[in-house]
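Chemist: I need the structure of the sequence given here:
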Amino acid sequence: MVKVLFICHGNICRSTMAESVMTHLVKEKGLTDMFEINSAATSREEIGNTPHYGTVGKLREVGIPLVPHRAVQMTKEDYEYYDYLIGMDSANIRNMTRIAGSDKEGKIYKLLQFAGSDKDVADPWYTGDFDATYRDVMTGCRALLDDILNEDK
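Modeler: As a prediction, the model looks like this:
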């Protein structure tokens, strides 16, 4: 089983969108039994809150089911448990590494690096542009899934 944790600052916009998109992509390929997919925050600001209405609306618009979720904070134990810890931007990566204590096993990645980019996933909390975030998340999740599946060959 491949365990993937998507992480952003508050766990209500980007990481929950990525969790739902990746879950959808995996289901489309009939690989649900092969994956465990979740999301978390680096901060405590939104703990317990449901996904942002903009994320909910965008996923509904494109026909991707929202994975029921309430914001949680990443823990040091998550680093040990998950195979991939996927941050949405450079600040997330720094905070994830701090929470984990280090990245000694090389499990921490920025989502768009799987698509050959060092770009951060657009943060709709500040921009209000959930379309741009969705494009980034879909691009990154497709590339991540391809990378994982090709690794098994």
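Chemist: in this structure, which spans are helices?
Modeler: 14-28, 53-62, 76-81, 90-100, 124-127, 130-151 (DSSP state H).
Chemist: show me what contacts Thr23?
Modeler: When contacts are counted by Cβ atoms under 8 Å, 6 or more residues apart in numbering, Thr23 touches 35, 37, 65, 67. (C-beta placed from N, C-alpha, C; glycine too.)
Chemist: 6 Å - rerun?
Modeler: When contacts are counted by Cβ atoms under 6 Å, 6 or more residues apart in numbering, Thr23 touches 37, 67.
Chemist: measure it to Leu59 for me?
Modeler: Taking Cβ to Cβ, to the nearest Å as the measure, Thr23 falls 11 Å from Leu59.
Chemist: Nearest to Lys110 among the helices of the chain would be which one?
Modeler: When the helices of the chain are compared by Cβ to Cβ, helix 90-100 sits nearest Lys110, at 5.7 Å.
Chemist: ok, Lys3 - contacts?
Modeler: 36, 82-83.
Chemist: Among the residues you listed, the buried ones, what's the PyMOL command?
Modeler: The PyMOL selection below is limited to those of these classed as buried (16 or more other Cβ atoms under 10 Å):
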select buried, resi 82
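Chemist: want to throw the contacts of Lys3 into JSON lines with distance to Gly30 and pLDDT?
Modeler: Formatted as JSON lines, the contacts of Lys3 follow (distance: Cβ to Cβ, whole Å; pLDDT from 0 to 100):
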{"residue": "Glu36", "distance to Gly30": "16", "pLDDT": "98"}
{"residue": "Tyr82", "distance to Gly30": "22", "pLDDT": "98"}
{"residue": "Asp83", "distance to Gly30": "20", "pLDDT": "98"}
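Chemist: can you put the contacts of Lys3 in TSV and add distance to Gly128?
Modeler: Below are the contacts of Lys3 laid out as TSV (distance: Cβ to Cβ, whole Å):
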residue	distance to Gly128
Glu36	32
Tyr82	30
Asp83	33
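Chemist: which of the contacts of Lys3 lies closest to Glu46?
Modeler: Comparing these against Glu46 with Cβ to Cβ picks out Tyr82 as the nearest, at 20.1 Å.
Chemist: Verify the stated contact: that closest one with Leu5.
Modeler: Yes - the pair Tyr82 / Leu5 is scored as a contact, 4.3 Å apart, by Cβ atoms under 6 Å.
Chemist: If anything else comes up later, I'll come back, but that's it for now.
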